[in-house]
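[1] curious how this folds, go ahead:
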Amino acid sequence: MINLIKALFLESFRNKISFFFGILLPVVFFIMFAQVFSNEKEVSFAYFSDKPLDIPGKYYSNKNALMKDRYNYAASAFVESKKIVVYKNYNDYTVDLWIDGLKRKVDTIDFREIVKINERILDYKVLNEKESIYLGSFVLSLVSIGMFSAINLFERYRKIGIIRRFRVLPLSAFLFVLSFSLSQFIVSLISFVVVRLVGIFLFNINLKVDYLFFAFSFISAVLGMLGIGILLSILFEKFANSVAQFLYTIFIFFSGIYFPIDFLPKFLKNITYFLPIMYIFDNFKHSIFKQDSFGKFLLQNISLIIFGVVLLYFGGKILFAPEE
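    All right, here's what the predicted structure looks like:
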């Protein structure tokens, strides 16, 4: 089995399309888009008041609008009649300085008799643009590795007769699919190391993650996308690779990794709910700052794992079925 995993692993790097979409292109996108935000400030602020104040941060004249957007900022403040309510998304000295500056500024305004800071500390941090692109590039790499490797298994392996040779060996379909899956986990780990090294050395990004949650998200992402690749291979037997390349483009533009989905019309935003990459991205974000509920995180990961395992099982049966 170890030799089979090794052979399948090495074969993954011989396929130029899989290597390009799985490792090279996400890294290129990461470097390109992260450079755009290389001068970005690490923290951002916003505040609501009945009139603009001379303080750093985005001014909101509508309280409900800021309540909706408050998770997008390092800290947001609501300057009301006799108090200030501050939402801190993570602890940082620049956030504390901003709060102190805000309090001093409001203290100088005549119509404020009482100023009260009520800090509601959330247990997660907001990803800045570079960090979001960093994490998204890794997710995109996992998505493409799983999808294109499964399609390669059905198309290329069948075409050059590799599957026919495996059928004559004392090898079950389950063992073959298991070996193939493990080989893709290794490829995905290499992709993770590459993206992580680029993030550390070029952009000084080193996110602290919950490794148990991260590993759970990693396993479900690889299995889920292997399942997607097998499904495409079954539905589009001769055109699966072209369909996958089209889906890859959709993932880039509609996942929110590189381009904000808030800019899209409402009917296009609805497309994101049908894209697995959005849920995979959410799972990995949860492993960093646990913004969503644990129940949602668990449901999304288990659904991806079940989907992937079921498709891998039936895909192996189809691959090893006798040819007519």
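[2] all contacts plus neighbour counts: C-alpha atoms, from now on.
    OK.
[3] residue 48 reaches residue 81, doesn't it?
    No. Residue 48 is beyond contact range of residue 81, at 11.6 Å (criterion: Cα atoms under 8 Å).
[4] which one of those two has more residues nearby?
    residue 48 (24 against 13; other Cα atoms under 10 Å).
[5] dihedrals phi and psi, that one?
    In terms of degrees, to the nearest 10, the main-chain angles of residue 48 are phi -110, psi 140.
[6] any idea how far residue 21 is from residue 196?
    Distance, residue 196 to residue 21, using Cα to Cα, to the nearest Å: 17 Å.
[7] helices along the stretch 201-324 of the chain, start to end?
    211-235, 240-254, 266-269, 276-289, 294-319 (DSSP state H, counting those that start in this stretch).
[8] show me what counts as buried in the third one.
    By that I understand helix 266-269. When burial is assessed from 16 or more other Cα atoms under 10 Å, helix 266-269 yields no buried residues.
[9] ditto for stretch 274-284
    Applying a neighbour-count criterion of 16+ other Cα under 10 Å, one finds 276-284 buried in stretch 274-284.
[10] give me the distance between residue 208 and residue 185.
    From residue 208 to residue 185 the distance is 22 Å (Cα to Cα).
[11] the more surrounded of the two?
    residue 185 (20 against 9).
[12] report the buried residues of the host helix or strand of the more buried one.
    Using DSSP states H and E, the element containing residue 185 is helix 173-203. Residues of helix 173-203 classed as buried under the neighbour-count rule (16+ other Cα under 10 Å) are 173-174, 176-185, 187-188, 191-192, 195-196, 198-199, 203.
[13] so how far is it off the chain centroid?
    Chain-centre distance of helix 173-203: 15 Å, with Cα atoms, centre = their mean, to the nearest Å.
[14] ranges for the helices of the stretch 51-200 of the chain?
    Going by DSSP H, counting those that start in this stretch, the stretch 51-200 of the chain shows helices at 63-69, 93-107, 129-159, 162-167, 173-203.
[15] can you lay out those as JSON lines showing distance to residue 272 and mean pLDDT?
    Listed next are the helices of the stretch 51-200 of the chain as JSON lines, based on distance: least, Cα to Cα, whole Å; pLDDT from 0 to 100:
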{"stretch": "helix 63-69", "distance to residue 272": "19", "mean pLDDT": "88"}
{"stretch": "helix 93-107", "distance to residue 272": "33", "mean pLDDT": "75"}
{"stretch": "helix 129-159", "distance to residue 272": "14", "mean pLDDT": "82"}
{"stretch": "helix 162-167", "distance to residue 272": "36", "mean pLDDT": "68"}
{"stretch": "helix 173-203", "distance to residue 272": "24", "mean pLDDT": "85"}
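[16] residue 248: which of those is closest?
    Residue 248 lies closest to helix 129-159 among the helices of the stretch 51-200 of the chain, at 7.2 Å (Cα to Cα).
[17] now the closest one: buried residues?
    129-155.
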